[in-house]
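Engineer: When you get a sec, could you give me coordinates for this:
(one chain, ligands or ions: 1)
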Amino acid sequence: MLEIKNISKTFNRGTIDEKVIFNDFNLSVPRGEFVCIIGSNGSGKTTILNLISGDIKADSGQIVINGKNIVKQKNYQRAKYLSRVFQNPSMGTCSSMTILENLSIADNKGKSFGLSWGLNHKRKKYYKEQLELLGMGLENRLDTLAGSLSGGQRQALSMIMATLSKPDLLLLDEHTAALDPKSSDTIMNLTQKVVDEKNITTLMVTHNLKHAVTYGDRTIMMHEGKIVMDVKSEEKNKKSIDDYLHIFNEISIEYGN
Ligand SMILES: Nc1ncnc2c1ncn2[C@@H]1O[C@H](COP(=O)(O)OP(=O)(O)OP(=O)(O)O)[C@@H](O)[C@H]1O
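Structural biologist: Next up is the predicted model:
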């Protein structure tokens, strides 16, 4: 589903700040796989997401989604089939709009504004059903401003918004890092549930080793722009946090909560 092929990227080329981050980087992710990406600071985790979303352009190589090389596509074109949830809960929702308005905007992502744009009874019922998945009672607060929700509630709403139109690829960029431990676990349970129910191919960058071990189908460890460990399915289930720490003991990974 996602093929990152021979990607190279150097920041600030030719300057004193030149930084080669990827040199012939490759990653293949089949449809429906939930991949957790962990690794040392500056190893390139967020840059991978930025390259996929189009926020950063690669120097060379291909990013293939559903068989199509997307490297020449602009961000807004890519946004039609991929969604991203950021660390900051306020990034995914609009504070001055209600929960209902936020959901309606997300639902109409990539569609042109016209007479059909807007809310109808059927969609409102669907939004309520989606919010019920959260178990936070937000389905009864459709007219509440997103800005008045807690960080955890906003991030839960961001998750629903990001997956409402069932993207081909979901990018989670340390999306629980700004939350307290309990909310962080709640959002991770929700993430797994939504990703499973909708069978969405997912890349999740996290510093929380416990989450990387517990959730998803595959865990990748990065160091200096390279994959230094790639553990899948049954092998992943057998690994403990200590196994990962042992392998990466020279590299700083925040243990999480
Ligand atoms: N736009 C940019 N311009 C210049 N350098 C950048 C840019 N984006 C990232 N870098 C550099 O590339 C390297 C990788 O950054 P990246 O944010 O991908 O790391 P990371 O693995 O997500 O790190 P962390 O765990 O600290 O968030 C870092 O050295 C960073 O300073």
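Engineer: Please list the residues of this structure that sit near the ligand.
Structural biologist: 11-12, 19, 21, 39, 41-47 (Cβ under 6 Å from any ligand atom). Yep, even glycine has a C-beta here, placed from its N, CA and C like the rest.
Engineer: Okay, buried residues for the helix or strand where residue 185 lies please.
Structural biologist: Using DSSP states H and E, residue 185 sits within helix 181-198. Residues of helix 181-198 classed as buried by neighbour count (16 or more other Cβ atoms under 10 Å): 183-188, 190-192, 194-195.
Engineer: quick one: contacts of it?
Structural biologist: 34, 133-134, 150-152, 155-156, 159-160, 163, 166, 170, 172, 175-177, 179, 200, 202, 204, 208, 211, 214-216, 257 (Cβ atoms under 8 Å, 6 or more residues apart in numbering).
Engineer: Can you tell me which helices and strands the helix or strand following it packs against?
Structural biologist: Next helix or strand after helix 181-198 toward the C-terminus (DSSP H and E): strand 201-205. Strand 201-205 is packed against strand 34-39, helix 45-53, strand 169-173, helix 181-198, with contacts defined by 3 or more Cβ pairs under 8 Å, 6 or more residues apart in numbering; DSSP states H and E.
Engineer: would you turn these into CSV with mean pLDDT and distance to residue 94?
Structural biologist: Shown next, in CSV, are the helices and strands packed on strand 201-205 (pLDDT from 0 to 100; distance: least, Cβ to Cβ, whole Å):
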stretch, mean pLDDT, distance to residue 94
strand 34-39, 94, 28
helix 45-53, 95, 19
strand 169-173, 95, 18
helix 181-198, 89, 19
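Engineer: Same list, these, but as CSV with distance to residue 238 please.
Structural biologist: Formatted as CSV, those follow (distance: least, Cβ to Cβ, whole Å):
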stretch, distance to residue 238
strand 34-39, 15
helix 45-53, 24
strand 169-173, 24
helix 181-198, 19
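Engineer: show me where this protein has strands.
Structural biologist: For the chain, the strands defined by DSSP state E occupy 2-11, 19-29, 34-39, 60-65, 68-69, 82-85, 169-173, 201-205, 218-223, 226-232.
Engineer: one step back: looking at the residues of the chain next to the ligand, which two lie furthest apart in space?
Structural biologist: Maximum pairwise distance among the residues of the chain next to the ligand (Cβ to Cβ): 21.4 Å, between 12 and 39.
Engineer: Tell me which of those two has more neighbours.
Structural biologist: residue 39 (26 against 9; other Cβ atoms under 10 Å).
Engineer: Who is the more buried one paired with across the strands?
Structural biologist: residue 222 (DSSP bridges).
Engineer: now it: how far from residue 169?
Structural biologist: 20 Å (Cβ to Cβ, to the nearest Å).
Engineer: just residue 34 next, same as before
Structural biologist: Taken as Cβ to Cβ, the span from residue 34 to residue 169 is 11 Å.
Engineer: what do these two both touch?
Structural biologist: Contacts common to residue 34 and residue 169, judged by Cβ under 8 Å, 6+ apart, are 201-202.
Engineer: on that earlier part again, buried by neighbour count, from the residues of the chain next to the ligand: which ones?
Structural biologist: Buried members of the residues of the chain next to the ligand, scored by 16+ other Cβ under 10 Å, are 21, 39, 43-47.
Engineer: if we can go back for a sec, now do the helix holding residue 185 and strand 169-173, the angle between them.
Structural biologist: Angle of helix 181-198 versus strand 169-173, following axes from the mean of the first three to the mean of the last three Cα atoms, to 10 degrees, is 170 degrees.
Engineer: Done for today, thanks.
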